[in-house]
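Enquirer: turn this into a model:
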Amino acid sequence: MEPSTVRNVRKSDEELFIGTAESEHVEMYLKAIWRIREMGNEVKVSSIAKLLNVTQPSVVQMLRKLNGTNLVNYTKGRVELTQEGSRIGKQMIRNTRLLEVLMRDSLKIEVDEEMVCGIEHHMKNIFTDALCTLLNHPRKCPHNHDIPRGACCP
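Expert: Below you'll find the model as predicted:
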(Lines give C-alpha, C1' and ligand atoms only; values in the text may rest on other atoms or scores of the structure.)
Protein backbone atom coordinates (compact mmCIF):
# COMPACT_ATOMS: atom_id res chain seq x y z
CA MET A 1 0.00 0.00 0.00
CA GLU A 2 1.49 3.33 -1.09
CA PRO A 3 0.68 6.26 1.15
CA SER A 4 -2.92 7.24 0.34
CA THR A 5 -5.28 5.26 -1.77
CA VAL A 6 -5.53 7.43 -4.84
CA ARG A 7 -7.89 7.32 -7.77
CA ASN A 8 -7.16 8.82 -11.13
CA VAL A 9 -9.82 11.03 -12.70
CA ARG A 10 -9.38 12.06 -16.35
CA LYS A 11 -10.63 15.55 -17.17
CA SER A 12 -9.91 16.77 -20.70
CA ASP A 13 -6.10 16.84 -21.11
CA GLU A 14 -5.22 16.94 -17.43
CA GLU A 15 -5.27 14.21 -14.85
CA LEU A 16 -6.51 14.88 -11.35
CA PHE A 17 -5.44 12.61 -8.51
CA ILE A 18 -7.80 12.48 -5.59
CA GLY A 19 -6.59 10.86 -2.37
CA THR A 20 -9.27 9.66 -0.03
CA ALA A 21 -9.64 11.46 3.27
CA GLU A 22 -10.11 8.06 4.90
CA SER A 23 -6.70 6.76 3.82
CA GLU A 24 -5.04 9.98 5.04
CA HIS A 25 -6.80 9.54 8.37
CA VAL A 26 -5.49 5.98 8.65
CA GLU A 27 -1.98 7.14 7.78
CA MET A 28 -2.09 9.83 10.48
CA TYR A 29 -2.93 7.22 13.12
CA LEU A 30 -0.18 4.87 11.95
CA LYS A 31 2.30 7.75 11.89
CA ALA A 32 1.28 8.78 15.42
CA ILE A 33 1.65 5.23 16.74
CA TRP A 34 5.03 4.89 15.04
CA ARG A 35 6.17 8.22 16.55
CA ILE A 36 5.04 7.28 20.09
CA ARG A 37 6.90 3.99 19.78
CA GLU A 38 9.95 5.78 18.37
CA MET A 39 10.02 8.02 21.46
CA GLY A 40 10.22 4.87 23.58
CA ASN A 41 6.78 5.36 25.11
CA GLU A 42 4.07 2.78 25.57
CA VAL A 43 1.40 3.21 22.92
CA LYS A 44 -1.88 3.85 24.71
CA VAL A 45 -5.24 5.18 23.63
CA SER A 46 -4.60 8.30 25.72
CA SER A 47 -1.18 8.97 24.15
CA ILE A 48 -2.60 8.64 20.63
CA ALA A 49 -5.53 10.91 21.50
CA LYS A 50 -3.18 13.53 22.94
CA LEU A 51 -0.80 13.48 19.97
CA LEU A 52 -3.60 13.70 17.39
CA ASN A 53 -5.77 16.04 19.49
CA VAL A 54 -8.82 13.78 19.24
CA THR A 55 -11.07 12.10 21.79
CA GLN A 56 -10.24 8.72 23.28
CA PRO A 57 -13.49 7.16 21.95
CA SER A 58 -12.45 8.27 18.44
CA VAL A 59 -9.09 6.57 18.93
CA VAL A 60 -10.73 3.35 20.12
CA GLN A 61 -13.03 3.36 17.10
CA MET A 62 -10.11 3.82 14.71
CA LEU A 63 -7.97 1.21 16.47
CA ARG A 64 -10.77 -1.33 16.06
CA LYS A 65 -10.90 -0.49 12.36
CA LEU A 66 -7.09 -0.73 12.00
CA ASN A 67 -7.17 -4.03 13.88
CA GLY A 68 -9.75 -5.32 11.41
CA THR A 69 -7.57 -4.35 8.45
CA ASN A 70 -4.47 -5.96 10.01
CA LEU A 71 -2.56 -2.68 10.43
CA VAL A 72 -2.48 -2.87 14.23
CA ASN A 73 -2.99 -5.49 16.89
CA TYR A 74 -5.35 -3.92 19.41
CA THR A 75 -6.52 -5.85 22.45
CA LYS A 76 -7.49 -4.62 25.91
CA GLY A 77 -5.81 -1.23 25.59
CA ARG A 78 -2.66 -2.73 24.12
CA VAL A 79 -1.64 -1.30 20.73
CA GLU A 80 1.04 -2.75 18.46
CA LEU A 81 1.69 -2.05 14.81
CA THR A 82 1.68 -5.01 12.47
CA GLN A 83 4.51 -5.28 9.95
CA GLU A 84 2.39 -3.48 7.32
CA GLY A 85 1.20 -0.84 9.80
CA SER A 86 4.78 -0.19 10.85
CA ARG A 87 5.91 0.09 7.23
CA ILE A 88 3.25 2.71 6.48
CA GLY A 89 3.87 4.65 9.71
CA LYS A 90 7.61 4.70 9.06
CA GLN A 91 7.05 5.85 5.47
CA MET A 92 4.82 8.71 6.66
CA ILE A 93 7.47 9.79 9.20
CA ARG A 94 10.13 9.62 6.49
CA ASN A 95 8.02 11.69 4.09
CA THR A 96 7.36 14.30 6.77
CA ARG A 97 10.97 14.69 7.81
CA LEU A 98 12.33 14.82 4.28
CA LEU A 99 9.82 17.53 3.37
CA GLU A 100 10.90 19.51 6.43
CA VAL A 101 14.54 19.28 5.33
CA LEU A 102 13.55 20.33 1.81
CA MET A 103 11.78 23.43 3.12
CA ARG A 104 14.53 24.47 5.50
CA ASP A 105 17.68 23.61 3.56
CA SER A 106 16.81 23.76 -0.12
CA LEU A 107 13.87 26.13 -0.35
CA LYS A 108 15.12 28.30 2.53
CA ILE A 109 11.61 28.78 3.89
CA GLU A 110 10.19 28.22 7.34
CA VAL A 111 8.92 24.68 7.86
CA ASP A 112 5.16 24.76 7.42
CA GLU A 113 3.74 21.73 9.24
CA GLU A 114 0.28 22.19 7.73
CA MET A 115 1.72 22.14 4.22
CA VAL A 116 3.91 19.13 5.05
CA CYS A 117 0.85 17.28 6.34
CA GLY A 118 -0.98 18.05 3.12
CA ILE A 119 1.82 16.74 0.90
CA GLU A 120 3.16 13.73 2.83
CA HIS A 121 0.15 11.55 2.05
CA HIS A 122 0.58 11.88 -1.70
CA MET A 123 4.24 10.92 -2.03
CA LYS A 124 5.01 7.69 -3.83
CA ASN A 125 8.15 5.76 -2.87
CA ILE A 126 9.91 6.74 -6.10
CA PHE A 127 9.38 10.41 -5.24
CA THR A 128 10.47 9.98 -1.62
CA ASP A 129 13.66 8.18 -2.66
CA ALA A 130 14.40 10.83 -5.31
CA LEU A 131 13.86 13.59 -2.73
CA CYS A 132 16.12 11.81 -0.25
CA THR A 133 18.82 11.47 -2.92
CA LEU A 134 18.44 15.12 -3.95
CA LEU A 135 18.89 16.16 -0.31
CA ASN A 136 21.97 13.89 -0.02
CA HIS A 137 20.32 11.38 2.33
CA PRO A 138 19.89 13.56 5.43
CA ARG A 139 19.96 11.72 8.76
CA LYS A 140 18.16 14.34 10.88
CA CYS A 141 15.15 16.58 10.34
CA PRO A 142 15.01 20.21 11.52
CA HIS A 143 13.60 18.97 14.85
CA ASN A 144 16.70 16.77 15.27
CA HIS A 145 14.74 13.53 14.88
CA ASP A 146 16.20 10.65 12.89
CA ILE A 147 14.97 10.25 9.34
CA PRO A 148 14.27 6.58 8.63
CA ARG A 149 16.50 5.22 5.88
CA GLY A 150 15.05 4.15 2.60
CA ALA A 151 16.13 1.79 -0.17
CA CYS A 152 18.06 4.68 -1.74
CA CYS A 153 20.21 5.36 1.32
CA PRO A 154 23.83 4.19 1.29
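Enquirer: against Asn136, how distant is Val59?
Expert: Using Cβ to Cβ, to the nearest Å, one gets 38 Å for the distance from Val59 to Asn136. Where C-beta positions appear, they are placed from N, C-alpha and C, glycine not excepted.
Enquirer: quick check: mean pLDDT across stretch 132-143?
Expert: Mean pLDDT, stretch 132-143: 97.
Enquirer: now the end-to-end length of it.
Expert: End-to-end distance for stretch 132-143, by Cα to Cα, to the nearest Å: 17 Å.
Enquirer: list the buried residues in it.
Expert: By 16 or more other Cβ atoms under 10 Å, the buried positions in stretch 132-143 come out as 132, 138, 141.
Enquirer: residue nearest the centroid of this protein?
Expert: Met92 (2.2 Å; Cα atoms, centre = their mean).
Enquirer: doesn't Glu120 make contact with that residue?
Expert: Yes - counting by Cβ atoms under 8 Å, Met92 touches Glu120, with 6.0 Å between them.
Enquirer: what are the boundaries of the strands in this protein?
Expert: Using DSSP state E, the strands of the chain run over 6-11, 14-19, 72-75, 78-81.
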